[in-house]
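Enquirer: Got a sequence here, can you model it:
(chains A, B and C)
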Amino acid sequence: MPELPEVETIRRYLAPRLAGAIVRDVVVHDGRLRRPVPRGVRSDLPGQRIERVDRRGKYLLLSSAAGTAIVHLGMSGSLRLTEAGAPPATHDRIELLFAAGQSLRFNDPRRFGSWQWARRDPLDHPALRCLGPEPLDRGFDGRGLRRALRRRSSAVKLALLDQSLVAGVGNIYASEALFAAGVRPTARASSLSPARCDRLAVAIKQVLAAAIACGGTTLDDEGYASADGTPGRFQVELMVYGRAGEPCRRCGRAIRALRQGQRTTYFCPRCQR
DNA sequence: CCTATCTCCTGTAGGC
DNA sequence: TGCCTACAGGAGATAG
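Expert: Down below sits the predicted model:
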């Protein structure tokens, strides 16, 4: 399930390889994604030069003079850059063919991903307009986080998943960041002291940066990989996610799992108060 | 504005 | 072996 570190890993691989590349053709093998693939992807992108590959939250942005493809990998989406020519694989949905002979394939078994299109500033696009701050930016700190959390009555874990408060944190890194900060995921967001918000903001930055340095997290059942097929290595660094019943790597107590808003949260009952 | 709940989708795992 | 159910989860829609 690609979150910020996985998308950033893909971006870092693709940016130097796609910058300047000319899109020869766009083939939509199956446009039934989370929302239908907009016409602009097909009609405007061919012939364009990719100027930049950017990331905003969990979105990857492929920018050209004609517009920007706004790509979300959902939970099962992947991108693979290869030499063109191979027949499409099962669940290949969209393929960009480049003039130099490469092919960028978007594969998504569960169709939770999306390809949107922005003719003008992509940051004004509805998908990106309401995103919160980039957690790895300088400007993201405990004060801003506290401002965002203080008027939320929900559990802090759920608040961290809200992309309008912080962009790019998903289920894995929310649990990991709360562990790193020593904060109980069930704590009311509004109850966190300034000091704990400072610690949480630092923890979010540290966990995301460490995961990027490892090339993301590849779980057994999801099989995330970067655009050249390389899996991530952060799964061996996880402190709590997916470790229910196993001993805490810091204190030895059994890691616990609970359900919050239809998804699983992991935490250490001793290290997180 | 905020919160809680449901929905989309498909591969996989577990129970029987 | 096969059928059934539950589960994984991001984000948008909806109701309150």
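Enquirer: so how far is whatever helix or strand A:D54 lives in off the chain centroid?
Expert: Following DSSP states H and E, one finds A:D54 within strand A:52-56. How far strand A:52-56 lies from its chain's middle: 12 Å, per CA atoms, centre = their mean, to the nearest Å.
Enquirer: Also stretch A:229-240?
Expert: 14 Å.
Enquirer: Show the contacting residues for the spatially closest residue to A:A65 that is not a sequence neighbour.
Expert: Setting aside the residues directly before and after it, A:A65 is nearest to A:Q48 in space (CB to CB, 6 or more residues apart in numbering), at 6.3 Å. All C-beta atoms are positioned from the backbone trio N, CA, C, and that covers glycine. By CB atoms under 8 Å, 6 or more residues apart in numbering, the contact list for A:Q48 reads A:22-23, A:64-66.
Enquirer: And A:V23, by the same measure?
Expert: Applying CB under 8 Å, 6+ apart, the residues contacting A:V23 are A:45-50, A:64, A:96-99.
Enquirer: next one: A:A118
Expert: A:67-68, A:70, A:124-125.
Enquirer: Write the ChimeraX selection for whichever of the residues you listed are buried.
Expert: Remark: buried members of the contacts of A:A118, expressed as a ChimeraX selection using 16 or more other CB atoms under 10 Å:
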select /A:67,68,70,125
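Enquirer: Out of the contacts of A:Q48, the closest to DNA strand B would be?
Expert: Distance to DNA strand B, by CB to the nearest atom of the strand, is smallest for A:V23 among the contacts of A:Q48, at 26.7 Å.
Enquirer: so is the closest one in a helix, a strand, or just coil?
Expert: With DSSP: H, G, I helix; E, B strand; the rest coil as the basis, A:V23 sits in strand.
Enquirer: Tell me which helix or strand the nearest residue to A:F112 once chain neighbours are set aside sits in.
Expert: Computed as CB to CB, 6+ apart, the closest residue to A:F112 that is not its neighbour in sequence is A:G74, at 2.8 Å. Under the criterion DSSP H and E, no helix or strand holds A:G74.
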